[in-house]
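**Q** model the structure of this input:
(chains A and B)
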Amino acid sequence: MQSQDRLRIAILAAYAIGLHGLERMIPAPVPWLRFGFANIITLTALILYGLRVAMTITLIRILIVSLFTGSFLGPGFVLSLGGGVASTLIMGGAYSLFSGIFSPVGIGLIGAMAHNLTQLSLAYLLFIRRMEAILFVAPLILFLGIITGMINGMASGLLLKKLGEKITVTKLNPKTKKEEKI
Amino acid sequence: MEFNSQPATRNPQLVVPRNSQPATICEAGLSLLKETFKEITIYDWALFVALILLSLSGLFLVKGLALSGNTATIEVNGKLIYRLSLNEDKTVEVHGPVGVTRIEVKAGKIRITDSPCPNKLCIRQGWIERGAIICLPNRVVVTIGGDTMGEVDAISG
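**A** Numbers count the residues shown, from 1 in each chain, chains lettered A, B, ... in the order given. The predicted structure follows:
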């Protein structure tokens, strides 16, 4: 990894924090609607630099945003952390398994679903413990998540395209141990 | 070029040089959007449609369940005491910290008929079909259907 890459990862993390903060300021028209803009950055980082970098960015983002908003170690933080980590892991898995089948849009969609499902199960396990309440809101949350996930995936695809025009991205091939262009 | 020549003679300052390829930011954005759409594979669309259909059917399923399974839960001190169907008329009594609260179910509605609490707000709330009656002094909570959704709102994020 070059120092230029490190710089870019730091900038991506800063973008993720900025987007997450911006999202908190937008009043949601439906109570359970979360745009998940930060997922654009996670997905882009995942495709450009791999799972480890994407996970680092996610963890930095959630930690810093929770420290700034004062929700560190609160219920919102637990849900945010669980959703972020699970969706990053599952997107990483989906990308390495189905990168030929799905474009970034599909991967982002899978990530959005993973995020919502993890948050719902965490909310059930830790806070609410009422299956009927969770089941009642789950379809609506998932429906909204699919739409925002699709939009975020498209934004991520656009970003990847523009970044690909501007820079030559190299990636370490795990088999040949050589950096190759993607 | 002929198109540009006329305004150029009239007001030279306002003419934007048209050397660069994307004519306007709007057009450039539109073409980018088109390219992005082109990159979405058929599998992406299949996944999207499948998930949308799945969640929509879930939405209708839940709605149907909430309408047909008209149940009320009665909790005292956070513990579930009764789960009643609103379809059958019934009168039940629960024992709270202050005394006995009497609850009546009739014609798909539920109300508190008698309560030992000082302000009797729960009795004054009358018959309800949805939502909840909460009697704080006697710690009695009567909830209908899935109306505990408000709790999710506060902590999702």
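**Q** C-alpha only now, for contacts and for neighbours.
**A** Fine.
**Q** test my guess that A:V65 contacts A:L19.
**A** No - in this structure, A:V65 is not within contact of A:L19 by Cα atoms under 8 Å, at 10.2 Å.
**Q** show me the helices in chain B, by range?
**A** Assigned by DSSP state H, the helices in chain B fall at B:2-10, B:25-39, B:42-68, B:121-124, B:150-155.
**Q** and chain A, by the same measure?
**A** For chain A, the helices defined by DSSP H occupy A:3-25, A:38-49, A:51-69, A:75-98, A:104-122, A:131-166.
**Q** which one of those helices lies closest to B:C117?
**A** Ranking the helices of chain A by proximity to B:C117 (Cα to Cα) places helix A:131-166 first, at 28.5 Å.
**Q** report the buried residues of that closest one.
**A** A:132-160 (16 or more other Cα atoms under 10 Å in any protein chain shown).
**Q** so which of these also contact chain B?
**A** A:132-137, A:139-140, A:142-143, A:146, A:150, A:154, A:157-158 (Cα under 8 Å from any Cα of the partner chain).
**Q** against B:I42, how distant is the spatially closest residue to A:T42 that is not a sequence neighbour?
**A** In this structure, A:T42 finds its nearest non-sequential neighbour in A:A54, 5.3 Å apart by Cα to Cα, 6 or more residues apart in numbering or on different chains. With distances taken as Cα to Cα, to the nearest Å, A:A54 is found 26 Å from B:I42.
**Q** B:I133 too?
**A** Distance of B:I133 to B:I42, given as Cα to Cα: 51 Å.
**Q** of the two, which one has the most company?
**A** When neighbours are counted by other Cα atoms under 10 Å in any protein chain shown, B:I133 and B:I42 differ, and B:I133 comes out ahead with 22 against 14.
**Q** shouldn't that one be in contact with B:C122?
**A** Yes - the pair B:I133 / B:C122 is scored as a contact, 6.2 Å apart, by Cα under 8 Å.
**Q** that older thread, the residue nearest to A:T42: what's it in contact with?
**A** Counting by Cα atoms under 8 Å, 6 or more residues apart in numbering or on different chains, A:A54 touches A:T42, A:L43, A:A45, A:L46, A:T88.
**Q** switch the cut-off to 10 Å
**A** The contact partners of A:A54, by Cα atoms under 10 Å, 6 or more residues apart in numbering or on different chains, come to A:9, A:12-13, A:39, A:41-48, A:60, A:85, A:88-89, A:91-92.
**Q** cool, A:T42 as well?
**A** Each residue near A:T42 by Cα under 10 Å, 6+ apart is listed here: A:12-13, A:16, A:48, A:50-51, A:53-58, A:61, A:84, A:87-88, A:91, A:108, A:111, A:156.
**Q** what sits up against stretch A:89-97?
**A** Under Cα under 10 Å, 6+ apart, the answer for stretch A:89-97 is A:42-43, A:46-47, A:50-52, A:54-55, A:83, A:85-88, A:98-99, A:101-104, A:106-115.
**Q** give me the ChimeraX select line for those residues, limited to the buried ones.
**A** Typed into ChimeraX, the line below selects the buried ones among those, using 16+ other Cα under 10 Å:
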select /A:42,43,46,47,50,51,54,55,83,85,86,87,88,102,103,104,106,107,108,109,110,111,112,113,114,115
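**Q** what bridges to B:V140?
**A** B:V76, B:C135 (DSSP bridges).
**Q** per-residue confidence at it?
**A** Looking at B:V140, its pLDDT is 81.
**Q** surely it touches B:D114?
**A** No - in this structure, B:V140 is not within contact of B:D114 by Cα atoms under 10 Å, at 11.9 Å.
**Q** higher neighbour count, these two?
**A** When neighbours are counted by other Cα under 10 Å, B:V140 comes out ahead of the other of B:V140 and B:D114, with 27 against 15.
**Q** tell me the contacts of the more buried one?
**A** So B:V140 contacts B:74-81, B:94-97, B:100-101, B:112, B:115, B:122, B:133-134 (Cα under 10 Å, 6+ apart).
**Q** if we go to 6 Å?
**A** B:E75, B:V76, B:I134 (Cα atoms under 6 Å, 6 or more residues apart in numbering or on different chains).
**Q** please tell me how far the spatially most central residue of chain A sits from B:W45.
**A** The residue lying closest to the centre of chain A (Cα atoms, centre = their mean) is A:N39, at 3.1 Å. Using Cα to Cα, A:N39 is found at 19 Å from B:W45.
**Q** what of B:A28?
**A** Taken as Cα to Cα, the span from B:A28 to B:W45 is 24 Å.
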